[in-house]
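[1] Return a 3D structure for these sequence lines:
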Amino acid sequence: MSPQRRIALVSVGAALVLIAVKLATGLATGSLGFLSEAAHSGTDLVAALLTLFAVGVAGRPADPGHPYGHGKAEHLSALAEASILVVISLFIAYAAVRRLVEGTAEVDATWYAFLVIGVVIAIDASRTAVSRQAARRYRSPAFGASALHFGSDLAGSTAVLVGLLVARAGYPEGDSVAALFVAVLVLGAAGRLIRQNVDVLMDRAPVDEVEAARRAIEGLDPNVRLLRLRMRRAAGRHFADVVIGVPPGAAVGQGHAAADAVEEAVERAVPGSDVVVHVEPAEAGAGLPERALAAALRVPGVREVHNVAVLGVGDGTEVSLHLKLPGSLTLAEAHDVATLVEREILAVVPEIDAVQTHLEPLAEPAAVHTVPDGALESESAAVREIVRATTGSEPRELRFLSTERGLVAFLTLAMAPEGALAEAHARASEIEERIRRDHPEIVDVIVHTEP
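    Numbering: from 1, shown residues only. Purely as a prediction, here's the structure:
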């Protein structure tokens, strides 16, 4: 049994014990604080079971249907836990307010109630420490969610202890106030969990890691021209897509070496990253469009830049470009990002006198699934024939994805290491054009070349 599953099983056992103890004590003493904590521990049980399930699913290796692995199962688990917390906390708040309004808060704060809450606090403290250590060690969002949840249990149990002390002093309303505090505490924890895990499930760019990767690439010697950098995260791991430009006269081996250097730089800056680098031929010397593009991509929040054009207007030079930003931004927020882009370009490219930006929302990710091997025998044979006719050899890899727009083909081609990158790119472009022309059912072709 893996250490992760062993920790999750211990959490399940602890949750069962706490539910029984809190429920029995709450019923015996009439303490709403204890009953609310019993309900809270019920969510702990669900959370622990979800964590156990998530750790088992997320640990599975990647497969054809899930090429990026199963890591997001942990984030789905944490999101489900947060939803349960919201429902339970609203019920606790309703019961506490009702007792306060009706004045029916009668609590028997006996000695064994204090003994039970003392034991509960000790268990909550140990569970919080163990889950937090597991979250750091395994970079697990599910264990991180459990640590946050158990931490809120510790605070709630402490509040129940204070409520019992106040009730024993002759103010039984203190128990209901403690229960209301637990409800507010749970709502706050649920809000944080929902925000954090929705960000991951929606592929929100991790700003700090993107900036670290960008600095690492720009700091390479010899310099590598960064054309695009995209990054997302799942289950504590980061996935980076990088596009770099190299001189068109460079050999394929040189381009491959540059890609290897970029991969190593990103993995050093963001440990554990899965990095994919695409190499394109670039014009010798950085022109105004390329420098403006690089400057725009350095601005936090910018996800994509295209249609970069340099215009001569009177005696000055202007650049126009299209910015793609998350559609959830308000117009004011998007305008602020565009203003930063304009300032960055003007500061980095002094030859440019003005910048015009066109704002566009990012398209929602399309639903895709991998087509099983053998399901498209005729299309596969036709594509392989085109590759053989163009390069004289079979593709190293060929796979298809089915999208809402149609089929997408992914090809990996082997080229001579000493050949020029420009020639390799021309061969790849010829293959793409022939496939699109002869097989319109294939709506897009992505060709990767390697020595």
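
[2] quick one: contacts for residue 335?
    Applying CB atoms under 8 Å, 6 or more residues apart in numbering to residue 335 gives the contacts residue 359. From N, CA and C alone the C-beta is placed, and that goes for glycine too.

[3] Quick one: mean pLDDT over the helix or strand hosting it.
    According to DSSP states H and E, residue 335 maps onto helix 331-348. Averaged across helix 331-348, the pLDDT comes to 85.

[4] Toward the C-terminus, what is the element adjacent to it?
    Sequence order places strand 354-361 as the next helix or strand after helix 331-348, per DSSP H and E.

[5] What helices and strands are in contact with that following strand?
    When contacts are defined as 3 or more CB pairs under 8 Å, 6 or more residues apart in numbering; DSSP states H and E, strand 354-361 packs onto strand 316-325, helix 331-348.

[6] Would you mind giving the ones you listed as CSV with distance to residue 241 added?
    Shown next, in CSV, are the helices and strands packed on strand 354-361 (distance: least, CB to CB, whole Å):
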stretch, distance to residue 241
strand 316-325, 15
helix 331-348, 21
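
[7] Most tightly packed of these?
    Across these, averaging neighbours per residue (mean count of other CB atoms under 10 Å) puts strand 316-325 on top, at a mean of 18.

[8] starting at the chain centroid, how far to that strand?
    Distance, stretch centre to chain centre, for strand 316-325: 29 Å (CA atoms, centre = their mean, to the nearest Å).

[9] Which stretches in the protein count as helices?
    Here the chain has its helices, by DSSP state H, at 3-29, 32-58, 72-102, 111-138, 141-168, 173-201, 207-218, 252-269, 288-297, 331-348, 377-391, 421-438.

[10] looking at those, which has the lowest confidence?
    helix 32-58 (a mean of 66).

[11] domains for this structure, by residue range?
    3-201, 202-285, 287-365, 369-450 (automatic domain parsing).

[12] out of the ones you listed, deepest packed?
    The most buried one of these (mean count of other CB under 10 Å) is domain 3-201, showing a mean of 20.

[13] centre of the chain versus that domain, how much separation?
    Put simply, domain 3-201 sits 25 Å off its chain's centre (CA atoms, centre = their mean).

[14] do the same with stretch 344-362
    The mean C-alpha position of stretch 344-362 is separated from the chain mean by 29 Å, CA atoms, centre = their mean.

[15] Pull up the distance across that stretch, start to finish.
    Length of stretch 344-362, first residue to last, CA to CA, to the nearest Å: 22 Å.

[16] Need the contact partners of that stretch.
    Contacts made with stretch 344-362 from outside it, assessed by CB under 8 Å, 6+ apart, are listed as 288, 291-292, 294-296, 298-299, 303-304, 307, 310, 313, 316-327, 334-335, 338, 341-342.

[17] run the last query once more with 7 Å
    When contacts are defined by CB atoms under 7 Å, 6 or more residues apart in numbering, stretch 344-362 is touched by residues 288, 291-292, 295-296, 298-299, 303-304, 316-327, 334, 338, 341-342.

[18] how far away is the nearest residue to residue 194 once chain neighbours are set aside from residue 76?
    Spatial nearest neighbour of residue 194, chain neighbours left out: residue 82 (4.6 Å); criterion: CB to CB, 6 or more residues apart in numbering. As judged by CB to CB, to the nearest Å, residue 82 and residue 76 stand 11 Å apart.

[19] what are the phi and psi angles of the residue of the chain most remote from its centre?
    Residue farthest from the centre of the chain, counting by CA atoms, centre = their mean, is residue 170 at 50.7 Å. Backbone geometry at residue 170, expressed as degrees, to the nearest 10, gives phi 110, psi 10.

[20] Go through the helices and strands packed on strand 354-361 and name the closest to residue 131.
    Closest approach to residue 131 among the helices and strands packed on strand 354-361 (CB to CB): helix 331-348, 35.1 Å.

[21] chain center to that closest one: distance?
    From the chain centre to the centre of helix 331-348 is a distance of 25 Å (CA atoms, centre = their mean).

[22] repeat for stretch 378-386
    36 Å.

[23] again, but for stretch 187-205
    Distance, centroid of stretch 187-205 to centroid of chain: 10 Å (CA atoms, centre = their mean).

[24] ditto for stretch 215-231
    On the basis of CA atoms, centre = their mean, stretch 215-231 sits 22 Å off its chain's mean C-alpha point.

[25] Stretch 322-336 now?
    Centre-to-centre, stretch 322-336 and its host chain are 20 Å apart (CA atoms, centre = their mean).

[26] mind exporting that stretch as CSV, just the C-alpha atoms?
    Only the C-alpha atoms of stretch 322-336 are listed here, as CSV (Å, rounded to 0.1, in the frame of the first residue of the first chain):
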residue,chain,number,x,y,z
HIS,A,322,-4.5,41.4,-31.1
LEU,A,323,-4.5,40.4,-27.5
LYS,A,324,-6.3,37.3,-26.3
LEU,A,325,-7.3,37.5,-22.6
PRO,A,326,-9.5,35.4,-20.3
GLY,A,327,-13.1,36.0,-21.1
SER,A,328,-13.9,36.2,-17.4
LEU,A,329,-12.1,39.6,-17.1
THR,A,330,-14.1,42.8,-17.0
LEU,A,331,-13.6,45.3,-19.7
ALA,A,332,-11.8,47.6,-17.2
GLU,A,333,-9.4,44.8,-16.2
ALA,A,334,-8.8,43.9,-19.8
HIS,A,335,-8.1,47.5,-20.6
ASP,A,336,-5.6,47.7,-17.8
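
[27] Residue 111 is nearest to which of the helices and strands packed on strand 354-361?
    Closest of these to residue 111 is helix 331-348, at 56.9 Å (criterion: CB to CB).

[28] okay, the angle between that closest one and strand 316-325?
    140 degrees (axes from the mean of the first three to the mean of the last three CA atoms, to 10 degrees).

[29] quick one: helix 331-348 to strand 354-361, angle?
    Counting by the same axes, to 10 degrees, helix 331-348 lies at 140 degrees to strand 354-361.

[30] Start the count at 58 instead of 1 going forward.
    Sure, I'll start numbering at 58, so the last one becomes helix 388-405.

[31] Residue 330 touches residue 290, doesn't it?
    No: under the criterion of CB atoms under 7 Å, residue 330 is not in contact with residue 290, lying 9.2 Å apart.

[32] just to revisit the earlier point, mind checking which of the helices of the chain is nearest residue 506?
    helix 478-495 (4.6 Å).

[33] For that closest one, name the packing helices and strands.
    helix 309-326, strand 331-338, helix 434-448, strand 499-507 (3 or more CB pairs under 7 Å, 6 or more residues apart in numbering; DSSP states H and E).

[34] Make a markdown table from those and add distance to residue 155 to it.
    Listed next are the helices and strands packed on helix 478-495 as a markdown table, based on distance: least, CB to CB, whole Å:
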| stretch | distance to residue 155 |
| --- | --- |
| helix 309-326 | 54 |
| strand 331-338 | 52 |
| helix 434-448 | 65 |
| strand 499-507 | 59 |
